[in-house]
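>>> Pasting the sequence and the predicted coordinates here, then a few questions.
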Amino acid sequence: HRPGHHTPLENAYSIADVQALYAARAQGLPPSPNPPAGAADFITTIGGVSTNQVKEGRLPTLAELDAAVPHHPVYLSAGFVGPSATNTLGKAFFENVPPPTGPVTVGADGSIAASGLGTAGPTGQATLALRQTLTFAQHKQSVRDAMAYAASRGVTTDLDQGAFQATNTPADGAAHEDNFTRHLPFLAVYAEGEQRDAARASEGIIRLRINFLLWDSGPSVPIATQRIQNTFPFFGSDLVRTGAAGEFLADFPHYAGGNDVWMAAALKAASADWRAEVHSITPTDFQTEIQSFEAVNAQVPITDLRWVVAHVPHITEDHANRLKAVGGGVNLTPYQYFNTASPGGPPYRMLLDNGIPVGLSSDGPQIAPMNPWIHAYYATTGLNALGKPDQPRAADHQGGGAGPLHQRQHVVPGRGGREPARLDGGGSAGRRRRAERRLLQRCRQRPEETALATDRTRRHHRALRRNPLLGMTCPEPDTAAGVGIAREHG
């Protein structure tokens with residue numbers, strides 16, 4: 001849930017680009033009061049942007065933001081915890097936030113210092129100050145804005161992997177939310193869209209698949225126990241459906257497996273026939289995670305549950321083989337496109353050649369672009385946002401191409417817990433893929449936007465003709481290649 005009128009900057013490559021995107025966003029909004037009253041007055045970008053992507057190598061200054069957006073407050077925050085920047089109206093708001101959240105220290109140039117991950121700081125104060133002004137109606141509008149942007153980029157399914165559990169203090173970052181209430185605005189949007197007289201603007205227009213992040217810190221695992229006992233996995237409609245456990249099975253100190261907290265939660269998930277997903281970001285955590293998958297499988301078989309390790313920038317082929325042996329797959333995340341991590345990206349070529357089930361996702365938009373075409377570009381070329389090859393792993397991209405990633409059996413859940421979301425022409429997703437190909441053929445013949453409503457059966461086709469909730473537009477002419485991609489949301 002992004003406070004304010006969230007404006008993605010993933011396609012900005014200079015300060016001038018940022019100014020142009022903000023100016024365009026402001027054109028559709030009423031002027032802000034002075035001083036601003038809260039998040040509803042702000043144009044915001046919280047995450048999904050990095051100083052590494054713009055040629056100037058920095059965030060815009062107060063003067064540059066004022067020049068682009070003189071009548072609206074702006075809040076631009078990089079990554080999970082900043083640094084951040086604001087303009088004159090935003091500075092007036094943040095410097096007058098009352099204790100204990102504020103006041104927020106803002107530099108004369110509009111700069112707001114970064115917080116630490118999990119520790120309070122100026123960016124944490126600023127983000128919290130905006131969140132504290134949000135109404136439920138504004139939460140729903142944020143959902144609709146996110147759906148509209150996703151659909152505009154061809155993303156038709158959001159795989160929601162939860163968030164860091166919010167403390168409602170300045171120690172929270174962009175990825176902190178209340179995991180027990182965060183889906184209520186989404187559910188409200190879908191429910192309102194199902195009403196017979198619903199306005200098109202109120203409908204839920206993309207699919208949502210909800211994974212439940214488990215965040216226990218002790219071996220009694222009360223969160224995992226209650227979640228698994230009181231949640232139906234893979235339950236819901238074709239638009240919104242519960243999914244699995246992930247992308248954590250335990251809190252951050254225990255996330256990598258090899259401990260009793262992680263093992264207790266994993267065994268509960270496996271015993272209940274749940275799919276599970278974990279994430280790997282270090283040179284060694286994938287080793288303990290895969291070893292722990294094997295330990296679970298020795299007690300409760302998981303070979304047909306399709307457990308997944310995500311990101312895997314450092315995974316080796318021997319561990320990919322071990323993961324494949326217990327029925328697992330990998331969910332590759334090219335967030336290194338922003339050149340914020342080393343090495344540059346997972347070993348695409350090795351994993352494709354290995355034959356392990358492979359998927360491509362974006363990770364949360366705090367850390368990576370949402371646009372699937374950017375991810376396909378990075379996976380294919382190894383070039384980051386500045387057009388430079390990531391080292392030392394650029395060779396891992398050569399000859400791989402995004403096509404095989406999208407055409408292989410994807411590792412995110414399909415209709416049910418064990419139905420692969422295939423993108424290679426088989427299964428229900430294969431039917432969807434063929435429909436997308438037909439759309440793309442029409443796109444090449446007609447430059448104007450084309451509507452597409454696809455689903456699993458003729459019965460659903462008839463229903464969609466009455467209420468076409470799923471929309472897709474033709475991609476730009478130079479990218480009309482077709483994409484099946486799941487976007488993680490945090």
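The structure has been received and is ready for your questions. Every value quoted in this text rests on a predicted model; they were computed, and no experiment measured them. Residues are numbered from 1 along each chain as shown.

>>> which regions of this structure sit below the pLDDT cut-off?
When the per-residue scores of the chain are filtered using pLDDT under 70, the ranges that remain are 195-202, 339-344, 391-490.

>>> If we use 50, what do you get?
When the per-residue scores of the chain are filtered using pLDDT under 50, the ranges that remain are 399, 406-490.

>>> mind listing the strands for the stretch 251-400 of the chain?
Ranges of strands within the stretch 251-400 of the chain are 277-280, 308-311, 329-332, 358-360, based on DSSP state E, counting those that start in this stretch.

>>> Now render these as JSON lines, adding distance to Phe93.
Placement of C-beta: from N, CA and C, glycine included. Shown next, in JSON lines, are the strands of the stretch 251-400 of the chain (distance: least, C-beta to C-beta, whole Å):
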{"stretch": "strand 277-280", "distance to Phe93": "35"}
{"stretch": "strand 308-311", "distance to Phe93": "36"}
{"stretch": "strand 329-332", "distance to Phe93": "39"}
{"stretch": "strand 358-360", "distance to Phe93": "39"}
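
>>> So for Phe186, which of these sits nearest?
Of all these, it is strand 277-280 that lies closest to Phe186, at 19.3 Å by C-beta to C-beta.

>>> so what secondary structure elements neighbour that closest one?
In terms of contacts (3 or more C-beta pairs under 8 Å, 6 or more residues apart in numbering; DSSP states H and E), strand 277-280 is packed against helix 285-299, strand 308-311.

>>> Residues contacting the shortest one, please?
When contacts are defined by C-beta atoms under 8 Å, 6 or more residues apart in numbering, strand 308-311 is touched by residues 246-247, 275-281, 286, 289-290, 293, 315, 323, 328-333, 335, 346, 359, 361, 363, 411-412, 488.

>>> Partner strands of that strand and their direction?
Here the strand partners of strand 308-311, with direction, are listed using DSSP bridges: strand 277-280 (parallel), strand 329-332 (parallel).

>>> helix or strand for Asp66, which one?
Secondary structure assignment for Asp66, by DSSP states H and E: helix 62-68.

>>> Could you name the stretch from the strands paired with strand 308-311 that's closest to Arg209?
Of all the strands paired with strand 308-311, strand 277-280 sits nearest to Arg209, with 11.3 Å by C-beta to C-beta.

>>> thinking again about what came up before, what's the helix holding Asp66 packed up against?
With contacts defined as 3+ C-beta pairs under 8 Å, 6+ apart, the secondary structure elements packing on helix 62-68 are helix 15-27, strand 84-86, helix 88-94.

>>> Redo these as JSON lines? Include mean neighbour count and distance to Asn354.
Formatted as JSON lines, the entries for those read as follows, by neighbours: other C-beta atoms under 10 Å; distance: least, C-beta to C-beta, whole Å:
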{"stretch": "helix 15-27", "mean neighbour count": "17", "distance to Asn354": "38"}
{"stretch": "strand 84-86", "mean neighbour count": "29", "distance to Asn354": "41"}
{"stretch": "helix 88-94", "mean neighbour count": "24", "distance to Asn354": "49"}
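
>>> Nearest to Gly173, out of these?
Nearest to Gly173 among the helices and strands packed on helix 62-68 is strand 84-86 (11.2 Å), distances taken as C-beta to C-beta.

>>> Before I go, just wanted to say thanks for your time.
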